[in-house]
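K.L.:
structure for the following, please:
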Amino acid sequence: MSELLGEAGLNRLRWRCRRGLLENDLFIERFFSHHEETITTRQAAGLLTLMDLADNDLLDLLLGRNEPQGEVDTPDVREVLALMRCAPVAPRSQWSPQTT
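P.N.:
I've put the predicted structure just below:
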């Protein structure tokens, strides 16, 4: 099992995850908001590998248009990618009724 990422490591990781494409930033921010307290060093390594990709290649992975290939295809990357692709469902109490 991998150890949790410390606060200093988490801050460096957040800084490294800044992207130029808003869509990627939305996925990344959601990932941090839901998993920030439980990110392991292994997951951080997978996330850093993803951050080495060009913005459009990263977005294709996040949207499921492509799957990791070559040296990017590692268990760490696949784990982080699965967490980033998961859209948490809001509880029913937070849903707003549609008005017509």
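K.L.:
right, and residue 49 touches residue 77 too?
P.N.:
Yes: at 5.2 Å, residue 49 and residue 77 qualify as touching, with contact defined as Cβ atoms under 8 Å. Every C-beta, even on glycine, is put in place using the N, C-alpha and C of the backbone.
K.L.:
neighbour count: those two, which is higher?
P.N.:
Higher neighbour count among residue 49 and residue 77: residue 77, with 21 against 18, using other Cβ atoms under 10 Å.
K.L.:
ok, and the closest non-adjacent residue to the more buried one?
P.N.:
Leaving aside its sequence neighbours, residue 77 sits nearest to residue 46 (Cβ to Cβ, 6 or more residues apart in numbering; 4.4 Å).
K.L.:
where does the chain dip in pLDDT?
P.N.:
1, 87-100 (pLDDT under 70).
K.L.:
for it, which helix is longest?
P.N.:
For the chain, the longest helix by residue count, based on DSSP state H, is helix 22-35.
K.L.:
packing partners for it?
P.N.:
When contacts are defined as 3 or more Cβ pairs under 8 Å, 6 or more residues apart in numbering; DSSP states H and E, helix 22-35 packs onto helix 55-62, helix 75-85.
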